[in-house]
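generate coordinates for the sequence data below:
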Amino acid sequence: MVLLAERYELLRRVGHGGMGQVWEALDTLLGRRVAVKTVLLEDSTDAELSARVFREASATAQLSHPDIVTVHDAGMDEEAPAGPTAFIVMELLEGMNLRDLLAERGTLPLGEALRIGADVASALAASHEIGVVHRDIKPANILVDGRRVTVVDFGIAALTRSADPTIVRPGSTLGTAAYMAPEQAASQPVGPASDVYSLGCVLFTLLSGEPPFSGAHFLAVLQQHAFEAPPLLSDRCDAPDAVTDFLDRMLAKDPAVRPSATEVAETLTYLAAVHDPADDVATPASAPSPGVPSPGALSPQSPSAASPQPAGGESDSTREIPSLPGDQ
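Presented below is the predicted three-dimensional model:
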C-alpha cells in the first residue's frame with residue numbers, strides 16, 4: 001500500500017502524461033474516492049516543475065464551473081516511497097476522454113459534437129473571466145460522461161493577469177502540436193483566443209476524424225499552424241455552411257479575428273439546438289445566438305459512460321517544443 005502525505009492511499013494508476021501520473025485513490029480522512037495527480041520531482045530535469053504543479057492546482061481551484069474538474073487539495077510529500085512528490089487531489093470522474101471516444105466510435109454526429117464544443121467553450125469563458133488560459137485544449141483533456149462534459153488538466157495554464165515571468169519562458173512552447181494556436185506554436189504570448197483556436201481544432205477533429213493539420217514531425221505541424229491556411233471543414237466532411245464558416249473564424253491566424261469563448265458557447269449552443277431540435281434533455285451551455293443562420297437538421301447520439309477516468313494527466317504528447325526557425 002502506498003500512502004501519500006499520510007492521507008491518500010493510491011489504489012491504481014488510471015492515467016499518465018508528460019507531467020506525471022494520475023491515480024484512483026482513497027482519501028482516508030474523509031473516506032471518499034478521489035483522483036490524485038503525482039509528479040515525482042527527484043527524476044525531473046525541470047527546475048520549475050514543482051511550481052508548475054502548484055500553478056495548476058491554484059488555477060483550477062480558482063474556477064467554479066460544472067464543466068471544470070474540482071480540486072480538493074494539493075501538497076508536497078518529501079517522504080513519499082518513490083521520492084519527493086508533488087500532488088494534486090481532484091474529484092474522480094467517470095466517463096471517457098474524447099480521444100478514446102473517437103477511437104471507439106469514430107466521428108461524432110454534428111449535434112453531439114456541437115453540444116460538447118459549447119460546454120467546453122462555456123468552461124473556457126469562465127476560465128478566461130478570471131484570467132486563466134488553459135493552453136492545452138485537446139480531446140484527451142475533455143472527458144464525457146453521458147451528457148456531462150468536463151475540462152481537465154490545467155497543467156500548463158497561464159495566468160494572464162499575473163506578472164510571474166516563469167509562466168511563459170521565451171524561446172519555448174508548451175502544448176500539443178496538433179491543437180496549438182499559431183501564436184503559441186511560434187512561442188509568442190498566448191491569450192484566451194489561443195484556447196478558442198485549440199477548441200476549433202478539437203471540433204474539426206470530432207467532425208472530420210482528424211485535426212486540421214498533421215505531419216510526420218511535430219515541427220512540420222507547428223509550421224502549418226503558423227503559416228498555412230486551415231482546410232475548410234466542408235472539404236473533409238458534409239458540414240453545413242453555418243458550421244464551416246464559424247469554425248473558420250475560430251481557426252483564424254489572427255487572434256483578434258477569432259470569436260470569444262462566450263460567443264463560441266452561445267453560437268454552438270444555438271447550432272446544436274438547430275441540428276437536434278427534438279433533444280429535450282439537452283442543457284444549453286448558455287443562451288442561443290439569434291444571429292446565426294439556420295443549417296439543416298441532424299440527430300446526434302449520446303456518448304456512453306465508461307470506467308473512472310483521471311481528472312488530469314494523459315498519454316498524449318504534451319511537450320516543451322523549441323521555437324520555430326526564425327522566431328524571436
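
from here on, just use CA atoms for contacts and neighbour counts.
Will do.

quick one: the helices in the stretch 101-250 of the chain, in order.
110-129, 182-185, 192-208, 218-227, 233-236, 241-250 (DSSP state H, counting those that start in this stretch).

and those helices, which is most packed in?
Most buried of the helices of the stretch 101-250 of the chain, by mean neighbour count (mean count of other CA atoms under 10 Å): helix 192-208, with a mean of 26.

TSV for the helices of the stretch 101-250 of the chain, including mean pLDDT?
Compiled in TSV, the helices of the stretch 101-250 of the chain are given as follows (pLDDT from 0 to 100):
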stretch	mean pLDDT
helix 110-129	95
helix 182-185	92
helix 192-208	97
helix 218-227	91
helix 233-236	91
helix 241-250	96
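
between those helices, which one is closest to residue 3.
helix 110-129 (32.6 Å; CA to CA).

from the contact counts, what lies against the closest one?
Helix 110-129 is packed against strand 148-151, helix 192-208, helix 261-275, with contacts defined by 3 or more CA pairs under 8 Å, 6 or more residues apart in numbering; DSSP states H and E.

save those as JSON lines, and put in distance to residue 253 too.
Converted to JSON lines, those look like this (distance: least, CA to CA, whole Å):
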{"stretch": "strand 148-151", "distance to residue 253": "24"}
{"stretch": "helix 192-208", "distance to residue 253": "9"}
{"stretch": "helix 261-275", "distance to residue 253": "16"}
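
residue 212 and residue 229 touch, don't they?
No: look at residue 212 against residue 229 with CA atoms under 8 Å: they stay out of range, at 9.7 Å.

who has more neighbours, those two?
For residue 212 versus residue 229, the count of surrounding residues by other CA atoms under 10 Å is larger for residue 212: 24 against 14.

okay, now the unreliable bits of the stretch 201-328 of the chain?
Within the stretch 201-328 of the chain, the set of residues satisfying pLDDT under 70 comprises 277-328.

just confirm residue 205 contacts residue 211, I think it does.
Yes: counting by CA under 8 Å, residue 205 touches residue 211, with 4.5 Å between them.

centroid-nearest residue for this structure?
residue 137 (2.9 Å; CA atoms, centre = their mean).

can you pull the contacts of the nearest residue to it once chain neighbours are set aside?
Excluding the flanking residues, the one nearest residue 137 by CA to CA, 6 or more residues apart in numbering is residue 198, at 5.6 Å. Residues counted as contacts of residue 198 (CA atoms under 8 Å, 6 or more residues apart in numbering) are 136, 137, 138, 179, 180, 181.

what's the burial count for the fifth one?
Put plainly, it is residue 180. Residue 180 is flanked by 27 other residues according to other CA under 10 Å.

now it: phi and psi?
With angles defined as degrees, to the nearest 10, residue 180 sits at phi -100, psi 130.

now it. Nearest residue, chain neighbours left out?
Closest to residue 180 by CA to CA, 6+ apart is residue 198, at 5.7 Å.

distance check, the one you found against residue 265.
Distance, residue 198 to residue 265, using CA to CA, to the nearest Å: 14 Å.

for residue 199, same thing?
For residue 199 relative to residue 265 (CA to CA), the value is 11 Å.

all good on my end, thank you.
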